[in-house]
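> I need the structure of the sequence given here:
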Amino acid sequence: MLRRLSLGNRLALASAGLVISAIALLGWAISHEVEDHLHDLIGSSLAETAYQMADKLDRSMAARVHEVQLLQDVHALTAEIDHAHMRELIEQLQASYEVASWIGITDPAGTVIAATDGLLEGNNIAHRPVFLQGRQALWVGDVHEAVMLAQLLPNPSGEAIKFVDVAAPLYGEDGEFAGVLAVHLSWAWAEKLKASMLSPREKSQDIEVVVVSSDGTVLLGPHDLLGAPLTSLASEGTFGSIGSDWSVETWPDGKDYLTGQASSDGEGVFPGLGWTVLTRRPVEAAFAPLRTLQVEIAVGGLIVALFVALAGWGMLSRLSAPLARLSRAADEVRKGAGANTIPLELSSPELARLSRSLRSMVGQILNQRQAIDELQDIANADPLTGLPNRAYLTRHLEQRLGKARQLQRSIAFLYMDLDGFKRVNDTYGHYAGDWLLIEVAKRLRDCLRGEDVAIRFGGDEFVLIVEADSDKARWLVQMVGKRVIQAVSAPVMLPDGQQVSVGASIGVALWPEQAETPDEVMAFADSALYAAKAAGKGRIFLYGSEGQTQALT
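So this is what the prediction gives:
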C-alpha cells in the first residue's frame, strides 16, 4: 500500500505523523506535570485549612484560660462577700462571654457555695476531676459529656451536652486553700469556630473538618463520626504527628478521602490537649477538576492531531519542505518554546490551515498551563491580605537561600506580631480585624524593597524576609524594622469612620550566621519576638549567641 503512494504523499504522511507524535508527547508531558502540581496544590490547601483550625482552637482556648485567671483575681478581691453576691458577680461574668455554660466556686471540702443560676449549689463535687485537679493548680480538662449538669442546663438541640473544663485553686487572704473555681466551657463554641473557618466555596466542595482527641476519639465532625474512635487512621500514622501534612486515606465508611492534618500544640498558658485537626474531601470531588482538564487536553490534542493527519495526507511532494519546517518547530515547542515558534506557511491553503491550527492548539495548551500556574499562585497566597502564605514561604526559601549562599549574603528573618490586635477584634468585631490586617499588609509592602518579601504566617503574625550583605545586615534590619513599626503603628480608619491603632513587635534572626536551616532561624526569631513583647512591645530584638537577645530599638 505504501509503495503506491507518491513520494510527495509519503513525505507528507511522514511529516504529519511526526507532528502528531510531537503534539501527543507534549500533551502527555503537560498532563502529567499538571497532575503533580494539582495534587500538591489541593492537598496543601486542605493541610493549610487544618492548620488554621488548629491555630484558632489553640488561641481560643488560651483566651478562655486567661479569663479563668482573671476570675481568680476577681475572687481574691471579693472573697469576703456573701454567697448571694458572689453568685450575682459570676453570673455577670458569665453573661460577658457566651462560651461558659456554668461557673462555680466550692469551699475547701468541695461543696459548691456559689454557682451561675444556683445550679449544683450545696452539691459536693470533691470526687470530680474538676475539683481533684483544680485544687492542685490551674488545670484544663479534655472534652467530656455533662454528668451532673446534663438534666439541669437547657438543651434545645437534644444532643449530648459536652464541656471542656478549666479549674484553678482559690486562696484566702491568709494564703490558705479556700476552694476551687470551676468553669465548664460549652464545646458548642468549637462548632461555631469550625463554621467560621470554611468559606461558602469550601462548603460547596464537601470539605469537612474533624477534631480528634489524643486517644483517637472524634470530638467534632460529621454526626456519624462523633464519639467514634479513628484507631485505624491513627495506626497508619495519619494523625498525631507534629506539623501538617496531607494524604489519601480510607476512612471508616470505606470511602477514600483526600485528608489534610495539623496538630494542636497549645498556645501561651494553654498547654494543649493533644488534639489533631483533620480536613477531608472525597477523592472524586477533590480531583474532579484534574480529570476534566486531562480529558480536555486529550480531546483537544486528538482533534488537532486528526486535522493534521487529514491535511498532511492531501499535500504534494512540493510541500515536503514546509512540513519539515513545521516538524522542526513542533520539536522546539516540545522543548519549551512558545506557540509563535511555529511558522505560518502561506504557500497553500492547506499549509496555512495546518500552521494556524498548530499555533492555536499549542497556544491553548500553554494557556491551560498558565491557568494551572495561576491556581498555584492562588494556593500560595493568603486569601485575606493577598500576601504570600506559609506554603509559599517553604518553596520560596529553597531558591532564595541557595542563591544567597552563592553570593555569600545574609538573609534576615523578621518575625512580627501585632500588639493590641485582639483588643481591636474584641471591641469592633472580626470584620474590623480583617480590615486592619489588610491595611497592615499594604503598609508592609510599602516598607520593603523590591527583593524583600512580606508573608502572613497566620493570625496577626507576619514574617519579613530581607536579604543584605553580611556586614550590613544588622544595620538594614534595624532600619527596616523601625520603618515597619512606625508604619504599622499609624492609626487605621475603619469603613464606619472609627479609628483604631495597633503596634508591632519584631524578633530577628540571621541566616546563616545563627543557624543553617530555615526552621532553626525561624525558632530563634520567634524567641527574639517573645523577648521583644516581654520588654514592653513596640520593640525590635535580635537573637544573639547562647540564646541571648539584643534590643535594636
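> Tell me the confidence at residue 387?
Residue 387 is assigned a predicted lDDT (pLDDT) of 85.
> give the contact list for it.
By Cβ atoms under 8 Å, 6 or more residues apart in numbering, the contact list for residue 387 reads 381, 441, 444-445, 454-456, 462. The C-beta positions use only the backbone N, C-alpha and C, and glycine is treated the same way.
> So which of these are in strands?
Secondary structure from DSSP state E places 454-456, 462 of those in strands.
> export those to CSV and tack on neighbour count?
Putting the ones in strands among the contacts of residue 387 into CSV (neighbours: other Cβ atoms under 10 Å) gives the following:
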residue, neighbour count
454, 23
455, 22
456, 25
462, 26
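> now, which of those residues sits nearest residue 479?
Closest approach to residue 479 among the ones in strands among the contacts of residue 387 (Cβ to Cβ): residue 454, at 15.7 Å.
> surely that closest one meets residue 441?
Yes - with contact defined as Cβ atoms under 8 Å, residue 454 and residue 441 form a contacting pair (7.1 Å).
> which neighbours do those two share?
In contact with both residue 454 and residue 441: 387, 462, using Cβ under 8 Å, 6+ apart.
> picking that back up, let's have the contacts of residue 387 in JSON lines, adding distance to residue 165.
JSON lines is the format used below for those (distance: Cβ to Cβ, whole Å):
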{"residue": "381", "distance to residue 165": "40"}
{"residue": "441", "distance to residue 165": "38"}
{"residue": "444", "distance to residue 165": "40"}
{"residue": "445", "distance to residue 165": "45"}
{"residue": "454", "distance to residue 165": "40"}
{"residue": "455", "distance to residue 165": "37"}
{"residue": "456", "distance to residue 165": "34"}
{"residue": "462", "distance to residue 165": "35"}
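> What is the lowest-pLDDT residue among those?
residue 381 (69).
> Tabulate the CA atom coordinates of stretch 418-428 in CSV.
The C-alpha atoms that make up stretch 418-428 are tabulated as CSV, following Å, rounded to 0.1, in the frame of the first residue of the first chain:
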residue,chain,number,x,y,z
LEU,A,418,0.7,42.9,66.1
ASP,A,419,0.4,44.5,69.6
GLY,A,420,-3.2,45.1,70.6
PHE,A,421,-4.8,43.2,67.7
LYS,A,422,-7.0,41.1,70.0
ARG,A,423,-8.4,44.3,71.6
VAL,A,424,-9.5,45.6,68.2
ASN,A,425,-11.1,42.2,67.3
ASP,A,426,-12.9,42.0,70.7
THR,A,427,-14.0,45.7,70.6
TYR,A,428,-15.0,46.2,67.0
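> Need the residues that contact that stretch.
Stretch 418-428 is contacted from outside by 63, 432-433, 436, 440, 460-461, 488, 494, 498, 500-505, 533, 537-538, using Cβ under 8 Å, 6+ apart.
> same deal with stretch 528-543?
With Cβ under 8 Å, 6+ apart as the test, stretch 528-543 has contacts from 415-417, 419, 474, 477-478, 481-482, 485, 489, 503-510, 514, 524-525, 527, 549-553.
> could you point out where the stretch 51-200 of the chain is predicted with low confidence?
74-81, 97-98, 150, 154-159, 198-200 (pLDDT under 70).
> That one: strands as residue ranges?
100-106, 112-115, 139-140, 144-145, 162-171, 177-186 (DSSP state E, counting those that start in this stretch).
> Looking at the ones you listed, spot the one closest to residue 255.
strand 162-171 (26.6 Å).
> Run through the neighbouring helices and strands of that closest one.
Here strand 162-171 touches helix 7-78, helix 129-134, strand 139-140, strand 144-145, strand 177-186, going by 3 or more Cβ pairs under 8 Å, 6 or more residues apart in numbering; DSSP states H and E.
> what about the strands in the stretch 401-550 of the chain?
Under DSSP E, counting those that start in this stretch, the stretch 401-550 of the chain gives strands at 409-419, 453-458, 461-469, 492-493, 499-500, 503-511, 540-543, 549-551.
> Now do the longest one and strand 461-469, the angle between them.
What that stands for is strand 409-419. Compare the direction of strand 409-419 with that of strand 461-469 by axes from the mean of the first three to the mean of the last three Cα atoms, to 10 degrees and you get 150 degrees.
> which of the residues in strand 409-419 are buried?
Neighbour counts using 16 or more other Cβ atoms under 10 Å place 409-419 of strand 409-419 among the buried residues.
> Just the mean pLDDT for it, thanks.
On average, strand 409-419 scores 90.
> What of the fifth one?
Average pLDDT, strand 499-500: 89.
> re the thing from before, do you know which of the strands of the stretch 401-550 of the chain lies nearest residue 230?
Closest among the strands of the stretch 401-550 of the chain, using Cβ to Cβ: strand 453-458, at 25.6 Å.
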